[in-house]
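>>> Fold the following and give me the result.
(2 chains, ligands or ions: 2)
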Amino acid sequence: MSALEVQAISKRFGTLKAVDDVSFTVHPGEIMGFIGPNGAGKTTTMRICSTLELPDQGDVLVDGISVIEEPRAARRRIGFMPDSYGAYANTSITDYLDFFARAYGLAGDRRRQQVARVIEFTSLGDLVEKEISSLSKGLKQRLCLAKTLLHDPAVMILDEPAAGLDPRARVELRELVKALAGLGKAILVSSHILTELAEMCTTVTVIERGTMRGTGSVAAIARGVSTKQIIFARTLTGPERLERTLLELPHVSEARREREGVVFEYAGTQDDLVTLLTQLAGAGLGLVEFAPQQVNLEDVFLSLTEGKLQ
Amino acid sequence: MSASTTPGLRIDDRLNPILVKEVRQSLRGKYFRVLFWLTLGLGTLIGLSIVASLGGENSDETGQIFFMAMFGVLSAAVHGFVPFSAFLSTSAEWDENTYDLLVISNLRPRQIVQGKLLSALIQALLYYSTFGPFLVFAFLLNGVDLLSIVALLSGSLATCVALTMLGIAASSLASTKVLRVVLMALFGAGLVVAWMFGMGMAGTITFQPQSLRDAEGQTAVVAYVTIALLVAMLGNSVANSRFAHEEENRSTSLRVMSTLVVLCASLWGAWLHWQFGGIGSLWACHAVAAAALFVPWIFFMTEPEPLGRRIAAHVPRNSLLALLAMPFLPGGGRAVQLALLQIALAVSSSALVLLPSSTPVEEIVKTCFLVGMAYGYAFAIAGLPSAIGAFFLERPSARMLLRIFIFLSLPVGVILPALAGLFLGIREWTRFEHPFNPVWVIADFEMQRSGLGGLIVLAAGLVAALLLNTPRLFAAARETLAASRARKAAPKPSSSAPVADAPAS
Ligand SMILES: Nc1ncnc2c1ncn2[C@@H]1O[C@H](COP(=O)(O)OP(=O)(O)O)[C@@H](O)[C@H]1O
Ligand SMILES: [Mg+2]
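Ligands and ions are numbered 1, 2, ... in the order given. I've put the predicted structure just below:
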């Protein structure tokens, strides 16, 4: 069963359609990147998933529980980390975590164990008596993640967790999120900066101006975006002849010289590709390299959205 | 924190989380500590200087002045600092972005508000117990009797609760920074006024202790405490509904609370009637209640009409229960039902109180009519524009404007004809004796002068309000019943978790 199931939700603010017919699912152990430029509707979608906002249409099921009909039951299964997280004045890390553990209804030994566990998990052990206001941004972020883990939610929703972190804190965050997925949690993590998520996510959902532009594994989305493949080839006779030859062959387009060779887009099938390779090999160009390129998140994103990045 | 099964720790688990947090915060912070020692130092200094300056002559005066001085310092603490710090700590939830975190942590609004109130009361308790010895000393100096001290302290405690609750309610209303600053200034000024008022009361009680010896004086004290507690409860439900999330039901608790105001007016009216006889006090209680209900009615009647998806999901499945719950569910049409229900409650309870007594029938009818008039005005003034607004209002800002308009229409309706009278040369109107002034019309009727103009205006307003509200009144009923039927038809929710408002496990 999917842990988080977003079913065709829409939300208007006045005349603005902030979220328009968005659907996707996140399974246990899956890290889904939720990507889109600023104002795309990521936060709104996540707040709907967390029961903080009510959709005009559609529903969200958390472990099969509707956030509309049973918000309180749903909240017990959701860990939501907002993009602007709160920190009380005159409060130490332990007091902060202890307070939220109480708020979640944890009592006695169980509360102390849970607090100790999340402190250990986020490696905050040496700082427990520090005032929150004196913590660095990265540490505050980790504290907030610890707070989100207190009630051991099955679904984690993290809104722009990497924003404003230095590279080191970002790596630490990535490792924490991966470890959480390893524990079987379903994780939805948003960002408007791709590189933050590229090495963390197993799947992505792309959203722009409230509308979904695709959901699924990175490769599956890439296939949906275009049937074209990007290929790098290099010959001993130099790139000029190779480029000319390539452009005369079927299914080839957009060839350009790069690193002593040629990068080109290829729209044919795998069978056509065999023919192409045979033809190139037989053309007497001295073919030494022929490599279909990995599609990466960046390319997918750029081709899906209209380039209004950041 | 090693032993885990000691009773102390189990009690610790049951404490309100907000209370625990607030107490820890104030122990770590400076605000409370500095103010506490300052107050204590000031109290000691003033006390010593009074005793020293008045020297050996031990007259009643010494005790009274000493008591007043001590009460003044104490009152500044419990009626000033304590409510103000409750205001600050509540607005901190907005400033620190923790509001959403509290909502999703499944803390109930009630718990949040109670936690804030309790932690303020603990501070107040510290002040009271610190100043207790001083007050005992004043008693030993003679000049202040025990009854006065008890009356003043209970009044002071009720005031402290009411002001603290108002502070929490006020800051819960201020979700934007600008509003917070404005409300903070207003509330601070209000506290100063309240302190001066309290000192006036204390002075009366201290220097004229005989005023407390008769039934009227004691009734006044009890009435004051009741009203203060009612204000506290009103603030409590405002704060509760504000701390409920935007998408949740914010109206029901306030609607129940407003019904409680009507019941309270009935009980007070009945008690005063039995105690002192006569019927004036009975309908006067309801006149005050009607005035108090005017503002909540404006808010209820201008609420958006639709039930909302989350609330529709909780309408009782049983259609009879749904009908009973209907006036207490959000929505303008259902607010009209609520108002009519409360008017019926007020009038019938008045009749019930008077029937067993030997009051002549025409007096009973007249009283019921007067009670109905008071509520009728509130109903007409709130119901007429809100019914018209309900036809075309969409945006929240327009809703707020309509509310302000309705609220202002009462004073404008009273003042404008008076000005018109000035220009038209109608002498009575310039004295506010015109059919648009509810107070005058009701007083006129009570004294059995035959001013028909006011009654005609009121009747016309009532008929128009009822007619214009009929469509949404029935639409609201249909919607509620449809939601109830839809719930009956739908399969039970997938999880075993109880629906509605069952406590968290
Ligand atoms: N409470 C609100 N009232 C009005 N408009 C809003 C509100 N919240 C978000 N919006 C608008 O909805 C759109 C989507 O916002 P958001 O979900 O925060 O985007 P993202 O998180 O992807 O940057 C934006 O245009 C934003 O201005
Ligand atoms: Mg956002």
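
>>> Point out where the chain drops to low pLDDT.
Defaulting to chain A. A:1, A:195, A:219-228, A:294-310 (pLDDT under 70).

>>> let's do chain B instead
Across chain B (using pLDDT under 70), the flagged ranges come out as B:1-9, B:54-60, B:246-247, B:396, B:450-451, B:491-505.

>>> Show me which helix runs longest in it.
Looking across chain B with DSSP state H, the single longest helix is helix B:452-489.

>>> Give me the buried positions along it.
By neighbour count on 16 or more other Cβ atoms under 10 Å in any protein chain shown, the buried set for helix B:452-489 is B:454-455, B:457-458, B:461-462, B:465-466, B:468-469, B:472-473, B:475-477, B:479-480, B:483-484, B:487. Every C-beta, even on glycine, is put in place using the N, C-alpha and C of the backbone.

>>> now do stretch B:351-368
In stretch B:351-368, counting by 16+ other Cβ under 10 Å, buried: B:353-354, B:359, B:364, B:366-368.

>>> cool, and stretch B:222-233?
B:224-225, B:227-228, B:230-233.

>>> Columns secondary structure and distance to chain A on top of those residues, output as TSV?
Formatted as TSV, the buried residues of stretch B:222-233 follow (DSSP: H, G, I helix; E, B strand; the rest coil; distance: Cβ to the nearest Cβ, whole Å):
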residue	secondary structure	distance to chain A
B:Y224	helix	36
B:V225	helix	33
B:I227	helix	34
B:A228	helix	31
B:L230	helix	30
B:V231	helix	29
B:A232	helix	24
B:M233	helix	25
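
>>> want to throw the residues you listed into CSV with distance to B:P83?
Compiled in CSV, those are given as follows (distance: Cβ to Cβ, whole Å):
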residue, distance to B:P83
B:Y224, 17
B:V225, 17
B:I227, 17
B:A228, 12
B:L230, 17
B:V231, 12
B:A232, 11
B:M233, 16
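
>>> tell me which of the residues you listed is nearest to B:V262?
Nearest to B:V262, judged by Cβ to Cβ, of the buried residues of stretch B:222-233 is B:L230 at 11.5 Å.

>>> what's the most distant pair in the buried residues of stretch B:351-368?
Largest pairwise distance in the buried residues of stretch B:351-368, by Cβ to Cβ, is 14.1 Å, between B:V353 and B:K366.

>>> The stretch 1-150 of chain A against ligand 1: which residues are in contact?
Taking Cβ under 6 Å from any ligand atom as the contact definition, the stretch 1-150 of chain A meets ligand 1 at A:13, A:16, A:18, A:36, A:38-44.

>>> rerun that using 8 Å as the cut-off
A:13-14, A:16, A:18-19, A:36-47, A:53, A:83 (Cβ under 8 Å from any ligand atom).

>>> quick one: which of those residues sit in strands?
Among these, DSSP state E puts A:13, A:16, A:18-19 in strands.

>>> Once you drop chain neighbours, what's closest to the closest residue to chain A within the stretch 51-200 of chain B?
Nearest residue of the stretch 51-200 of chain B to chain A: B:T98, at 3.2 Å (Cβ to the nearest Cβ). Using Cβ to Cβ, 6 or more residues apart in numbering or on different chains and skipping residues adjacent in sequence, the residue nearest B:T98 is A:G86, 3.2 Å away.

>>> What does the one you found show for phi and psi?
phi -90, psi 150 (degrees, to the nearest 10).

>>> same check, this time on A:F34
Dihedral angles (degrees, to the nearest 10) for A:F34: phi -120, psi 100.

>>> Can you classify the closest residue to it other than its chain neighbours by secondary structure?
The shortest distance from A:F34 to any non-neighbouring residue, by Cβ to Cβ, 6+ apart, is to A:S190 (4.0 Å). Following DSSP: H, G, I helix; E, B strand; the rest coil, the label given to A:S190 is strand.
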